[in-house]
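J.: I'll drop the sequence and a predicted model, then ask my questions.
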Amino acid sequence: MLLVVEDLVKHYISGGFLRKKEVVRAVDGISFSVNAGETLGLVGESGSGKTTVGKTVLRLIEPTSGRILFDGRDVTAVKDIRPLRKEMQIVYQDPMSSMNPRMRIADIVGRPLQIHGMVSSRRERDEMVRRLLERVGLSGDHLYRYPHEFSGGQRQRIAIARALAPEPKFIVLDEPTSALDVSVQAQILKLLKSLQEERGIAYLFISHDLAVVRNISHRVAVMYAGKIVEMASVEEIFGNPMHPYTKGLLASVLEPSPNAKAPDEILPGEPPDPRNPPSGCRFHPRCPLADERCAEEEPALMEVGSGHWVACHKV
Amino acid sequence: MLLEVHDLRVSYHTDEGTVKAVDSVTLSLGRRETLAIVGESGSGKSTLALSIIGLLPKTARVDGSIRFLNKELTSLREEEFRRLRGDRITIVFQEPMTALNPVFTIGKFMRDIYLTHRGGTEKDALSLAREWLGKVKVPGPEKVLSSYPHELSGGMRQRVLIASSLMLEPDLVIMDEPTSALDVSVQAQILRLIAELKSQVEASFIFITHNLGVAAAVGDRVAVMYAGKIVEMASKEEIFSNPMHPYTQGLLRAVPKVSGGEVEPIPGSVPSLVNPPSGCRFHPRCPLADERCAEEEPALMEVGSGHWVACHRVSGSGRW
């Protein structure tokens, strides 16, 4: 296994100064692993903690507790994170937020090459950037342009080229296609898959969009209010969903078809406030199956079939 | 027909040049009908909606005709439009805070709509507001009336706006991406609610969305827009079982589905509206394009009963 996450917790303190201090339980004890060359889809609604997981795994955010092992090394314990950063990269939803608008593409994509001492001259760097740009479907001539000269889809290609530059083994993709038009989203999904096939890179693909997750993932973890409620192969999650939340989410998705109509069976209520999550199973106030035990006792994530994990008292 | 839009053109002057946001759009809408307008960014779908409700910025130039309740809206004075808007035509935006004033309670917001258009007493206004909050299934309508917008969740705010858009029994409700900012589970609730309300009211709906699944779930008819034009329009059943325009076909193949299957991208990206491609605007991305497509603009023609397509490559008994 390339990445092993054990009992990861991230609590924030919000408020202070004139406001009551509150603990935000963004991620509340989750464990999962990612194999080399594999895509784990992490799906959830707002406040589920999925983005916090992605950033914590890279230690862009310090975890409150838990262990993160990457390629056998303890990410939370290493003094110098830099050698690990070379192997673990991230692509965000909005690429502009992570690009200096005054830097040229050659500098943006070439920076990791310099930081990690992978090139010895500007010429060598530009040549490598040119090859990377061409690999992600851009023209090598774009080298000396600025980010604002590109469309959203092209900028996402640039962000992917930058993430590829240090030749990582693992990339966190945080809603990388959510801001893109449907026609362009499909281009980026295809590109990510072909890069994975060619280079054996593992992805943690974070998204709120179940259809996108189905398209790109090998395995899927469903998050709700800081917890993983179900985890299985993509075929199992979509073909044999077991957790009532997963089932409800799937029933909420609309597909373009001639006999489509507004969904009948839908989850009531809205995702909870992570400052004040419900007792017991956090999903119980919205769950059609909930009983007294669900309101009191938190269900553990248990393996109910080969590689199929569910956290539900009623399964 | 309740609404007839004929050869509508909307353009803006910008530093880069003239943006033709909507170009020669013709459509009509009957009573109690829902037209879903689907398109990607820059397709002109929101500009079309704003032109119908008269909320375009003053810098916009509007040509063509919009007839609604036998009135020509493009030449209506702002004062007359204000009487129509919020009463006969209403709109629900993607972001409820666009409409809600953060310092007013929901009660004051809804009461003001009533008093502006109906006059009458405050008591009547609040009792109608309470009734409609019940119809949109807001838990505890009384408490919501005295709440401020920030005290409500996104889903609840959208329910309040839907109630406000329907309570004066309008003829036309425009919904501009009303569920796009919501979580999947809440989106499903709101779409279910809209479907239920549609059977209870006399209004017609124009539903703007980028999501083909949402368009399929709410629309009686669906219009697909690309770069300021309608490229295909048909009944929901027809457009999803027999899509004819290469762009519609491409979109349906590009969208990932929870039922699985590969996606097939459309090459390239959405064109600039300052300098759109010649001929058919989709031709640079179209797998079927030939010389004619690059030169001559295809007209929207009826190729089957109620099925309209703007494409030189669609054969059939096309008539103008």
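T.: Received the coordinates, thanks.
J.: pull the residues that contact stretch B:270-289.
T.: A:151, A:181, A:183-184, B:14, B:16-21, B:40-44, B:226-229, B:231, B:245-247, B:250, B:266-268, B:292-298, B:310-313 (Cβ atoms under 8 Å, 6 or more residues apart in numbering or on different chains). C-beta coordinates here come from the backbone N, C-alpha and C atoms, glycine included.
J.: what about the strands in chain A?
T.: Remark: strands assigned in chain A by DSSP state E are A:3-16, A:19-34, A:39-43, A:65-70, A:73-74, A:88-91, A:170-174, A:202-207, A:219-224, A:227-233, A:302-305, A:308-310.
J.: partners of the fifth one in the sheet?
T.: Taking DSSP bridges as the criterion, strand A:73-74 sits next to strand A:65-70 (antiparallel) in its sheet.
J.: now do the third one
T.: Each strand paired with strand A:39-43, and its direction, by DSSP bridges: strand A:202-207 (parallel), strand A:219-224 (parallel).
J.: ok so, going back, including distance to residue A:159, could the strands of chain A go into CSV?
T.: As requested, the strands of chain A are exported to CSV (distance: least, Cβ to Cβ, whole Å):
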stretch, distance to residue A:159
strand A:3-16, 21
strand A:19-34, 20
strand A:39-43, 18
strand A:65-70, 21
strand A:73-74, 26
strand A:88-91, 5
strand A:170-174, 10
strand A:202-207, 14
strand A:219-224, 24
strand A:227-233, 27
strand A:302-305, 36
strand A:308-310, 32
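J.: got those as TSV, with mean neighbour count and mean pLDDT columns?
T.: TSV is the format used below for these (neighbours: other Cβ atoms under 10 Å in any protein chain shown; pLDDT from 0 to 100):
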stretch	mean neighbour count	mean pLDDT
strand A:3-16	16	92
strand A:19-34	18	92
strand A:39-43	26	98
strand A:65-70	17	97
strand A:73-74	12	94
strand A:88-91	23	96
strand A:170-174	25	98
strand A:202-207	25	98
strand A:219-224	26	98
strand A:227-233	25	98
strand A:302-305	12	96
strand A:308-310	21	98
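J.: so what's residue B:160 up against?
T.: With Cβ under 8 Å, 6+ apart, residue B:160 has these contacts: B:96, B:100, B:106, B:109-110, B:133, B:136, B:138, B:144, B:152.
J.: circling back: now the strands paired with strand A:39-43 as JSON lines including distance to residue B:25?
T.: As requested, the strands paired with strand A:39-43 are exported to JSON lines (distance: least, Cβ to Cβ, whole Å):
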{"stretch": "strand A:202-207", "distance to residue B:25": "34"}
{"stretch": "strand A:219-224", "distance to residue B:25": "41"}
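J.: residue B:29: which of those strands is closest?
T.: strand A:202-207 (35.3 Å; Cβ to Cβ).
J.: may I have that closest one exported as CSV, CA atoms only?
T.: In CSV, the C-alpha atoms belonging to strand A:202-207 read as follows (Å, rounded to 0.1, in the frame of the first residue of the first chain):
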residue,chain,number,x,y,z
ALA,A,202,-2.2,7.0,-7.5
TYR,A,203,-5.0,9.5,-7.0
LEU,A,204,-7.1,10.6,-4.1
PHE,A,205,-10.0,12.1,-6.1
ILE,A,206,-12.2,14.4,-4.0
SER,A,207,-15.6,15.3,-5.4
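J.: got a list of contacts for that strand?
T.: Against strand A:202-207 from outside (Cβ under 8 Å, 6+ apart): A:2-3, A:34-43, A:50-51, A:53-54, A:57, A:169-178, A:192, A:196, A:213, A:216-217.
J.: report the distance from that strand to the chain centre.
T.: Strand A:202-207 sits 4 Å away from the centroid of its parent chain (Cα atoms, centre = their mean, to the nearest Å).
J.: ditto for stretch B:72-91
T.: 17 Å.
J.: what of stretch B:189-207?
T.: 14 Å.
J.: does that stretch come close to chain A?
T.: Yes: using Cβ under 8 Å from any Cβ of the partner chain, stretch B:189-207 reaches chain A at B:189, B:191-192, B:194-195.
J.: could I get those as a markdown table with neighbour count?
T.: A markdown table is the format used below for these (neighbours: other Cβ atoms under 10 Å in any protein chain shown):
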| residue | neighbour count |
| --- | --- |
| B:189 | 24 |
| B:191 | 24 |
| B:192 | 19 |
| B:194 | 23 |
| B:195 | 16 |
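J.: taking those one by one, which sit in helices?
T.: B:189, B:191-192, B:194-195 (DSSP state H).
J.: output the residues you listed as CSV; include the columns pLDDT.
T.: Shown next, in CSV, are those (pLDDT from 0 to 100):
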residue, pLDDT
B:189, 95
B:191, 95
B:192, 95
B:194, 95
B:195, 94
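J.: which residue does the stretch 1-150 of chain B have closest to chain A?
T.: Chain A sits closest to residue B:40 of the stretch 1-150 of chain B, with a gap of 3.9 Å, by Cβ to the nearest Cβ.
J.: which non-adjacent residue is nearest that residue?
T.: residue A:181 (3.9 Å; Cβ to Cβ, 6 or more residues apart in numbering or on different chains).
J.: quick one: contacts for that neighbour?
T.: Here residue A:181 is in contact with A:152-153, B:40-41, B:210, B:269-270 (Cβ under 8 Å, 6+ apart).
J.: report pLDDT for it.
T.: Note on residue A:181: pLDDT of 93.
J.: near chain B at all, stretch A:232-251?
T.: Yes: using Cβ under 8 Å from any Cβ, stretch A:232-251 comes into contact with chain B via A:238, A:248-251.
J.: could those residues go into JSON lines alongside neighbour count and pLDDT?
T.: Shown next, in JSON lines, are those (neighbours: other Cβ under 10 Å; pLDDT from 0 to 100):
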{"residue": "A:238", "neighbour count": "20", "pLDDT": "98"}
{"residue": "A:248", "neighbour count": "22", "pLDDT": "95"}
{"residue": "A:249", "neighbour count": "25", "pLDDT": "95"}
{"residue": "A:250", "neighbour count": "17", "pLDDT": "95"}
{"residue": "A:251", "neighbour count": "16", "pLDDT": "93"}
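J.: in these, find the pair that's most separated.
T.: A:238 and A:248 (13.9 Å).
J.: surely residue B:172 touches residue B:68?
T.: Yes: counting by Cβ atoms under 8 Å, residue B:172 does reach residue B:68; the two are 6.9 Å apart.
J.: how about the backbone phi and psi for residue B:307?
T.: phi -110, psi 110 (degrees, to the nearest 10).
J.: name the SS class of the nearest residue to it once chain neighbours are set aside, please.
T.: Spatial nearest neighbour of residue B:307, excluding adjacent residues (Cβ to Cβ, 6+ apart): residue B:234 at 4.1 Å. Taking DSSP: H, G, I helix; E, B strand; the rest coil as the rule, one finds residue B:234 in the strand state.
J.: touching, residue B:234 and residue B:306? I think so.
T.: Yes: contact criterion Cβ under 8 Å: residue B:234 and residue B:306 qualify, at 6.1 Å.
J.: more neighbours: which of these two?
T.: residue B:234 (26 against 11; other Cβ atoms under 10 Å in any protein chain shown).
J.: so which of the contacts of residue A:181 are in helices?
T.: A:152-153.
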